[in-house]
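Peer 1: Quick one, structure for this:
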Amino acid sequence: MKKRTKVTQARLIQPRTGIGTPKLFLSGFVRKNIQYAANPMVELPPTPLTMTTELLSTINSLTVDVPFDCVAPITSFLTPPVGPFLNTRNEFDFLVSRPLGTGFPEKDTLMSTDLSQFHQEKSTEFFNEQVFVELISADITEWDESLNRVPIPGLSGAQAVEEGTFTQMSEKMVLIEVKIPCYSKGASFNFP
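Peer 2: Next up, the predicted model:
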């Protein structure tokens, strides 16, 4: 079986700096190309002189995509990504005093900020870059097992030693290690 790992989505979600663990969300599939012998037949039963049996079949190919979807906590970075930086906004208001109206004593007033005015001293907005994620390598460990294997019958009761056919199989597959660098596309600098 030939296998190729395809990543369709890779997103690094970072909490604020120093709080929580970054997580890498990965989605994709492993494309498997399975080549197999179809309709095998045992020919030429062994003779006492040759002791050989021929197994004739045609080779077919089947390609399947096995999807995966996982979340991996990132406990360490070779070089930690920068950010994300949070937007800040500083506001100030002016005190406004108004009469309370009927049902309250005349000397009492409503003291609050004026909702008709909005004052900002400083507002900072950050345009954080998405972290760029790229697949470098993937190590796959796999276990395939036939579930309904039967020996291949031949002419005059001859059998091909250790050969058989099956139509069902069980498969266990683990992506043991996926090497993915995460980095920002550009450099950051401050304007005066």
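
Peer 1: residues contacting the residue most central in space within the chain?
Peer 2: The centroid of the chain falls nearest to residue 26 when counting by C-alpha atoms, centre = their mean (1.2 Å). Contacts for residue 26 were tallied using C-beta atoms under 8 Å, 6 or more residues apart in numbering; they are 7, 9-10, 68-72, 178, 180. C-beta coordinates here come from the backbone N, C-alpha and C atoms, glycine included.

Peer 1: Per-residue pLDDT of the most far-flung residue of the chain relative to its centre, please?
Peer 2: Of all residues in the chain, residue 106 has its C-alpha farthest from the mean position, at 66.7 Å, by C-alpha atoms, centre = their mean. Looking at residue 106, its pLDDT is 82.

Peer 1: And it, how far from residue 172?
Peer 2: In this structure, residue 106 and residue 172 are 82 Å apart, going by C-beta to C-beta, to the nearest Å.

Peer 1: residue boundaries of the strands in this protein?
Peer 2: All strands of the chain, identified by DSSP state E, fall at 2-13, 23-43, 54-73, 88-92, 95-99, 109-113, 119-124, 132-133, 137-146, 150-153, 159-165, 169-179, 182-183.

Peer 1: Ok, which of these comes nearest residue 80?
Peer 2: In terms of C-beta to C-beta, the element of the strands of the chain nearest to residue 80 is strand 182-183, at 9.3 Å.

Peer 1: Name the nearest residue to residue 120, sequence neighbours excluded.
Peer 2: residue 91 (5.5 Å; C-beta to C-beta, 6 or more residues apart in numbering).

Peer 1: Tell me if I'm right that that neighbour and residue 118 touch.
Peer 2: Yes - counting by C-beta atoms under 8 Å, residue 91 touches residue 118, with 7.5 Å between them.

Peer 1: what's the distance between residue 74 and residue 20?
Peer 2: 11 Å.
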